[in-house]
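A.B. asks: Below are the sequence and a predicted model; questions follow.
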Amino acid sequence: MKSGNLIIINAAQLVTCSGSTAKKGAAMKELGIIENGALVIEDGIITRVGSTETVMADIDKSLYEVVDAAGKAVLPGFVDSHTHFVFGGYRAEEFSWRLRGDDYMDIMNRGGGILSTVQATREATPEELYTSGYQRLTDMLANGVTTVEGKSGYGLDTATELKQLEVMQAIDSHHPVDVVPTYMGAHAVPPEYKDRGGAMIEAIIQQALPLVKERNLAVFCDIFTEKNVFSIEESRRLMTAAQEMGFKLKMHADEIVPLGGAELAAEVGAVSADHLLQASDEGIRRMAQENVVATLLPGTAFSLREKYARARDMMEAGCAVALASDFNPGSCHTESIPLIIALATLYMGMTPEETITALTINGAAALDMADTIGSLDVGKKGDVIILKDPSYHFLSYHIGVNVVERVIKKGRLVMDNRHQLLNQ
Ligand code: NIG
Ligand code: FE
């Protein structure tokens with residue numbers, strides 16, 4: 001996507017989230033706010049940040065698109081660092097079964113759940129996956145999301161995993177939102193590998209991972225470390241091998257059962273461990289020590305009616321906490337950032353400031369990109385959102401409602417949510 005030259009002036013609050021690394025523990029409260037702020041973006045990169053008066057002192061306005069944010073808060077674009085947005089089919093009936101009391105893992109163990117999306121994704125053409133994935137990314141952009149991590153994992157066989165990753169690569173090159181791809185061939189055990197998870201991991205290491213690497217289709221490698229899915233030993237084997245091949249690591253850890261996933265993420269030096277509903281005290285301590293970003297996904301706990309991750313304990317232990325949607329067709333079919341913020345504040349005890357850090361600079365850190373996105377600092381990508389309201393508090397206060405008015409990606413205005421009445 002092309003980059004632009006743009007100036008934003010008169011931001012009632014310029015919420016910079018300033019920083020180039022993850023914010024840990026108490027530092028998550030710091031938002032680096034500049035009142036009546038302004039910023040300049042040149043060729044898609046932020047070149048000046050400060051008060052409107054100082055930033056505009058010697059600027060030739062005719063060279064830029066000028067956006068007047070009078071009376072509004074301006075923030076970095078959100079980073080949704082954990083999603084599964086490329087998939088075939090839907091699981092609307094499964095949601096009704098779960099409402100009626102069926103268990104998420106039981107549904108998967110009888111061939112539904114993730115495995116039913118695997119079937120639909122294997123059958124989908126690349127064009128179908130592209131069209132639906134592209135539209136989902138646009139819906140995320142409307143929520144203020146400017147960078148999205150996307151996982152494969154609905155193929156499980158090498159051909160379909162590569163198909164998912166290639167679709168993500170194609171979407172990335174045409175859509176304003178940046179896509180960071182993750183290979184997650186170890187997302188579930190398909191019938192052909194039933195009770196042979198170890199053999200599946202070996203096949204991934206020998207066949208799939210080298211191809212993914214050779215074709216440069218993924219930055220991260222991820223695994224579902226869970227009872228009846230992949231064990232700690234199998235996870236250690238895959239994570240270590242993937243790291244040796246040059247992949248960065250993520251883990252779905254301690255989601256349903258406390259298996260020691262957080263501890264393993266710390267041991268192998270994962271960039272993030274995600275879910276963590278059941279993470280132990282020791283796992284939390286080790287993540288803080290080893291700088292593993294704790295990526296919490298409250299939409300999933302909400303949708304599965306599980307207890308929420310212990311965000312406060314994690315921050316008190318000195319962890320960097322990120323928040324993400326986990327958008328997927330099963331356990332969490334929502335891309336709603338407003339819902340994630342509402343759950344984080346009202347049910348996980350996070351402050352409005354902490355939720356913003358978790359969705360910006362710490363989301364960037366969960367992708368190992370805190371040096372290029374996630375804050376309004378000179379040298380970073382010009383990814384910016386303008387709210388409808390004068391302060392960042394409205395993100396949590398206006399419960400479950402999208403208060404993002406406009407989105408700027410690499411210095412270009414790409415989304416305007418101001419609704420217009422038709423046929424008046
Ligand atoms: O992050 N936990 C495993 N994987 C996904 C769910 C995927 C699905 O249900 O389709 C998750 O929740
Ligand atoms: Fe997930």
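C.D. replies: Perfect, thanks for sending it. Ligands and ions are numbered 1, 2, ... in the order given.
A.B. asks: what sits against the residue of the stretch 201-350 of the chain found nearest ligand 1?
C.D. replies: In the stretch 201-350 of the chain, the residue that lies nearest ligand 1 is residue 330 (2.4 Å; Cβ to the nearest ligand atom). All C-beta atoms are positioned from the backbone trio N, CA, C, and that covers glycine. Applying Cβ atoms under 8 Å, 6 or more residues apart in numbering to residue 330 gives the contacts 91, 94, 104, 113-114, 117.
A.B. asks: out of those, who's near ligand 1?
C.D. replies: Of the residues in those, proximity to ligand 1 by Cβ under 6 Å from any ligand atom holds for 113-114, 117.
A.B. asks: near ligand 1, which residues of this structure?
C.D. replies: Counting by Cβ under 6 Å from any ligand atom, the positions of the chain adjacent to ligand 1 are 84, 113-114, 117, 224, 252, 255, 300, 326, 328-332.
A.B. asks: about what we covered before: and the furthest pair within the contacts of residue 330?
C.D. replies: Largest separation among the contacts of residue 330 by Cβ to Cβ: 104 and 117, giving 13.0 Å.
A.B. asks: What count of nearby residues applies to residue 313?
C.D. replies: Residue 313 has 14 neighbours, counted by other Cβ atoms under 10 Å.
A.B. asks: State the helix or strand in which it lies.
C.D. replies: Using DSSP states H and E, residue 313 sits within helix 311-316.
A.B. asks: got it, and residue 415?
C.D. replies: strand 412-416.
A.B. asks: Buried residues of that strand, list them for me.
C.D. replies: With burial defined by 16 or more other Cβ atoms under 10 Å, the residues of strand 412-416 counted as buried are 412, 414-415.
A.B. asks: Could you point out which of those residues is nearest to ligand 1?
C.D. replies: For these, the residue nearest ligand 1 by Cβ to the nearest ligand atom is residue 415; the value is 26.3 Å.
A.B. asks: OK, contacts around the closest one?
C.D. replies: By Cβ under 8 Å, 6+ apart, the contact set of residue 415 is 141-142, 404, 406-407.
A.B. asks: mind running it again at 7 Å?
C.D. replies: The neighbours of residue 415, taking Cβ atoms under 7 Å, 6 or more residues apart in numbering as the test, are 141-142, 406-407.
A.B. asks: Now, the residues you listed that are in helices?
C.D. replies: Among these, DSSP state H puts 141-142 in helices.
A.B. asks: Dump the contacts of residue 415 into a markdown table; add neighbour count as well.
C.D. replies: Formatted as a markdown table, those follow (neighbours: other Cβ atoms under 10 Å):
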| residue | neighbour count |
| --- | --- |
| 141 | 24 |
| 142 | 16 |
| 406 | 21 |
| 407 | 25 |
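A.B. asks: and residue 189, how far is that from residue 201?
C.D. replies: Applying Cβ to Cβ, to the nearest Å, the value for residue 189 to residue 201 is 10 Å.
A.B. asks: Switch the buried residues of strand 412-416 over to TSV; also include pLDDT.
C.D. replies: Shown next, in TSV, are the buried residues of strand 412-416 (pLDDT from 0 to 100):
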residue	pLDDT
412	97
414	97
415	97
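A.B. asks: any chance you could map the strands in the stretch 251-400 of the chain?
C.D. replies: Taking DSSP state E, counting those that start in this stretch as the criterion, the stretch 251-400 of the chain carries its strands at 272-275, 293-296, 321-323, 384-387.
A.B. asks: roughly how far is the last one from the heart of the chain?
C.D. replies: Put simply, strand 384-387 sits 18 Å off its chain's centre (Cα atoms, centre = their mean, to the nearest Å).
A.B. asks: That strand pairs with which strands?
C.D. replies: Partners of strand 384-387 in the sheet, by DSSP bridges, are strand 65-76 (antiparallel), strand 404-409 (antiparallel).
A.B. asks: which residues touch that strand?
C.D. replies: With contacts defined as Cβ under 7 Å, 6+ apart, strand 384-387 is touched by 8, 69, 72-77, 144, 376, 394, 403-408.
A.B. asks: give the contact list for residue 95.
C.D. replies: By Cβ under 7 Å, 6+ apart, the contact list for residue 95 reads residue 333.
A.B. asks: The strand or helix carrying it: which residues count as buried?
C.D. replies: Secondary structure assignment for residue 95, by DSSP H and E: helix 92-99. Buried residues in helix 92-99, defined by neighbour count with 16+ other Cβ under 10 Å: 94, 98.
A.B. asks: now stretch 61-70
C.D. replies: Residues 64, 67, 69 are the ones in stretch 61-70 that count as buried (16+ other Cβ under 10 Å).
A.B. asks: Residue 257: neighbour count?
C.D. replies: Residue 257 has 15 neighbouring residues, counting by other Cβ under 10 Å.
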